[in-house]
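**Student:** for reference, the sequence and a predicted model appear below.
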Amino acid sequence: MRRLKRSAAALVAAAGMALAGCTTTGMGGGEIVQKGQPDKPVLFSWKSTDGGITGTMTATLPTATFQGPFLQITQQTQSDAMAPMWGGGWPVGWSDWSYWGYGGVAGMGGMGMMPGFDAVQFATVYSGKVIANLKSPQGGLMRCRLHMLRPQQGMSGGGTGECQIQGGATIQASF
């Protein structure tokens, strides 16, 4: 009986490790919203090897495809993990694009944190949010900020948000 319990425990542990290493994928959709023009469809897809906390995202528009990293901000997120999100032609911290209802950001610690927030406080306040920095092969840039519906499930838990294409077009997104 003792041997059976050990075998069952080993099997459960092996299954858990196998699931943790699995690649997860998902899809979403959206609409490009530009003043004076009809809305245009956008198809999103994402792929992750850590349960949807980090990975790559692709946005397919009628005229271009954008791809790049995404990151869910959790209480364990370290500031250096966010550094790639501020790259490209966007200002550090996306200070020209307010975060989830707050005004402009200050360049705290070079990471564009909210005034008065250190990296730990920032990750706590924005836990459950996803940021993405996508690029097209032609050099176009897109940035996304998403609100997760079930943050503990990563991107698999679904969410909504918006993306902005450099030059002004906004995309309302849903996953």
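**Tutor:** Received the coordinates, thanks.
**Student:** CA only for contacts and neighbour counts going forward, please
**Tutor:** Noted.
**Student:** how many other residues sit next to Gly36?
**Tutor:** For Gly36, the neighbour count with other CA atoms under 10 Å is 6.
**Student:** strands along this structure, start to end?
**Tutor:** Taking DSSP state E, the strands of the chain run over residues 24-33, 40-48, 54-60, 65-73, 129-135, 141-148, 159-165, 170-174.
**Student:** can I get the third one in CSV? Just the C-alpha atoms.
**Tutor:** Yep, that's strand 54-60 we're talking about. Provided in CSV are the C-alpha atoms of strand 54-60 (Å, rounded to 0.1, in the frame of the first residue of the first chain):
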residue,chain,number,x,y,z
THR,A,54,5.2,36.1,-20.4
GLY,A,55,5.4,35.2,-24.1
THR,A,56,5.0,36.6,-27.6
MET,A,57,1.9,38.3,-29.1
THR,A,58,1.0,38.8,-32.7
ALA,A,59,-1.5,41.4,-33.9
THR,A,60,-2.7,41.0,-37.5
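**Student:** show me what that strand is packed against.
**Tutor:** strand 40-48, strand 65-73, strand 129-135 (3 or more CA pairs under 8 Å, 6 or more residues apart in numbering; DSSP states H and E).
**Student:** next, format the ones you listed as a markdown table and append mean pLDDT, distance to Gly88 and mean neighbour count.
**Tutor:** Compiled in a markdown table, those are given as follows (pLDDT from 0 to 100; distance: least, CA to CA, whole Å; neighbours: other CA atoms under 10 Å):
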| stretch | mean pLDDT | distance to Gly88 | mean neighbour count |
| --- | --- | --- | --- |
| strand 40-48 | 97 | 20 | 19 |
| strand 65-73 | 94 | 11 | 23 |
| strand 129-135 | 93 | 8 | 24 |
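**Student:** any chance of CSV for those strands, columns distance to Ser174?
**Tutor:** Converted to CSV, the helices and strands packed on strand 54-60 look like this (distance: least, CA to CA, whole Å):
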stretch, distance to Ser174
strand 40-48, 9
strand 65-73, 15
strand 129-135, 12
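**Student:** so how far is Thr60 from the closest residue to Thr58 other than its chain neighbours?
**Tutor:** When the adjacent residues along the chain are set aside, Thr58 lies closest to Gln67, with 4.4 Å between them (CA to CA, 6 or more residues apart in numbering). Distance, Gln67 to Thr60, using CA to CA, to the nearest Å: 9 Å.
**Student:** repeat that for Cys163.
**Tutor:** 12 Å.
**Student:** neighbour-wise, which of those two wins?
**Tutor:** Cys163 (23 against 17).
**Student:** which non-adjacent residue is nearest that one?
**Tutor:** Computed as CA to CA, 6+ apart, the closest residue to Cys163 that is not its neighbour in sequence is Cys144, at 4.0 Å.
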